[in-house]
Structures are given as structure tokens and as C-alpha cells.
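**Q** model this:
(one chain, ligands or ions: 1)
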Amino acid sequence: MNSRRNNPKKQRCSSEQRSSLTIELVPAFSWQRNVRAVVASNTWEGLRWYFGATQFPPPDLSIVFPDRPFISKLKCAYCETEQKKLDLHEEWQYDDSRQIQRLVDLRPICSKCHLTKHMGYANTIGRADEALQHLSKVNCWTKRQAKAHSDRAFAVWEARAFTRYTLDLNYLQRYIPSTKIHLNWLESPRTWVGSRLDAILWANRLLDSDAIIMDTETTGLLSKPDVEVIELAAIDMKGGASITVYVSLFTKFRKRL
Ligand SMILES: [Zn+2]
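**A** This is a model prediction of the structure:
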């Protein structure tokens, strides 16, 4: 039997040498300014279903999408890995001169490709090497090629660090009514969730300079009901943690009535 037919990825590497996976670093201003932020959760789940990231639509979906054929196996659009559930990745184009960030596609994506797309996040959680390896594997690149691509992506991200982009979500209107797209939600006060990326964005806006910031958060290490573990970290402006310590507080606070 033809071995190339048995292994489509190998065939793709040896014959086409194409690059299907790229790193896409969202500019700092646009973190959390995305499709998910402006649609209701059931609409987002409907989009995930329509674009092939889940098998079935949410039960409370109130939008009629265009016909979608049944998909028996969910496949990553970038590396063709099959997963029972996939993420949905937003692809953007940037018009830097007009400061417009335009949605151009929504594609189902596996966990490894998604980690690679968001290499900045991979850095913050110590998985950059794994993401670079995946980038090399999917694109049939050498380590050096993958690293060069990553460096270019970070250079572009840094060049866009202080640009305030306007979102262009016209693409969505092919699939959902404009009444279901709530751009005004972007201007609502956002709940502080305390992630490192939030902290970096806050520092960028506030200081407009290089800085090291302290990030604190409680962890899930609650082995005893009266002990809370807190993580303290010093973070540079790319999200790299130079110090991370965990502190246990033994003070028992009274419950508020
Ligand atoms: Zn993938």
C-alpha cells in the first residue's frame, strides 16, 4: 500500500512544504476585545458548533445558522488532529495605518495549535518550547525556522504595543444577526480577573514604559479550609516571571455576614 496515502501529514511535508500554522500575537490593547466579548455565551457556542469545533449546537441556541452538514470527526483546521472538542480561533487582519483590526475567519483549532498561535501565553506558562516544537512539526520547519518566525511575530507585536485598534466584525454578520453583536459590551467596566496578561495590559497602559510589576493571586492549593496559598510573582513586560513564590497565610478571617 502507498505509505503516502497512510500518512497525509508526511505527504504534505515531503511534497508541498507549505506553512499552515503561524503565530498570531494579539496586540495588548485588543486583549479580551474579541468576538467572545461581544456575543452571548450561547451565541459563541453556536459559532463553535457552526465552524466545526463541537459536534452539536447548544440547546438554548436562538440563532438560525446557514445549513451545516453533519461532521462525524472534528478536525483541527491547521494540523488535522482529531479531537472530541476543539477551540474556535479568531483570525484577524491588521490595518496598522487606519488602526483597524478586522475579523477574517473563524477556524476550529486543537489545543496544541492554539497554544502555538498564542505564543505569548505559552511563554507565560512555561510551554514555549513545546509550542515551538509543534510549530516546526506542523510546518515541516527546522527549529531555526520556527524560532525565526516566532521572533518576527514578537517584533510585530512590540511594534503594535500601543496602538488602539477598532474592531471590524462585519464578517460575523454573514452568520449571525447584527442585533446579536454587542460592540458596546467592549466599553463596559470589566471584571478584574487577576491574570498575568491582565496585569501586563494594565501596566502597559499606566506606565507607557518598561517596568517590572508584582502580580499576586490566590491559587487552587486549598488543602485545608483555613489556609489560603497566595502566589507572588515579579513579571517583565513580556509576561516572563523572574520570581514566583507561594505564601501560606495562617490568619483565619471571620466570614462576613
Ligand atoms: Zn492543530
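
**Q** residue 139: how many residues sit nearby?
**A** 22 (other Cβ atoms under 10 Å). Backbone N, C-alpha and C define where each C-beta goes, glycine included.

**Q** what does residue 133 give?
**A** Quick note: residue 133 (other Cβ under 10 Å) scores 15 neighbours.

**Q** what pLDDT does it get?
**A** Here, the pLDDT recorded for residue 133 equals 97.

**Q** again with residue 174
**A** 93.

**Q** with residue 191 instead?
**A** 50.

**Q** which stretches of the stretch 101-250 of the chain have low pLDDT?
**A** 188-231, 235-239, 246-250 (pLDDT under 70).

**Q** and the residue in the stretch 151-257 of the chain positioned nearest to the ion, what element?
**A** The stretch 151-257 of the chain approaches the ion most closely through residue 153 (17.3 Å), counting by Cβ to the ion. Per DSSP states H and E: residue 153 is located in helix 143-159.

**Q** same check, this time on residue 101
**A** Residue 101 belongs to strand 100-109, assigned by DSSP H and E.

**Q** name the residues of the helix holding residue 153 that are buried.
**A** 146, 149-150, 153-154, 157 (16 or more other Cβ atoms under 10 Å).

**Q** what does stretch 99-111 give?
**A** Going by 16+ other Cβ under 10 Å, stretch 99-111 has these buried residues: 101-103, 106-110.

**Q** just send these back as JSON lines, with distance to the ion too.
**A** Putting the buried residues of stretch 99-111 into JSON lines (distance: Cβ to the ion, whole Å) gives the following:
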{"residue": "101", "distance to the ion": "24"}
{"residue": "102", "distance to the ion": "24"}
{"residue": "103", "distance to the ion": "20"}
{"residue": "106", "distance to the ion": "15"}
{"residue": "107", "distance to the ion": "10"}
{"residue": "108", "distance to the ion": "9"}
{"residue": "109", "distance to the ion": "6"}
{"residue": "110", "distance to the ion": "3"}
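
**Q** in TSV, list the residues you listed along with distance to residue 142.
**A** Putting these into TSV (distance: Cβ to Cβ, whole Å) gives the following:
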residue	distance to residue 142
101	32
102	32
103	32
106	31
107	26
108	28
109	23
110	22
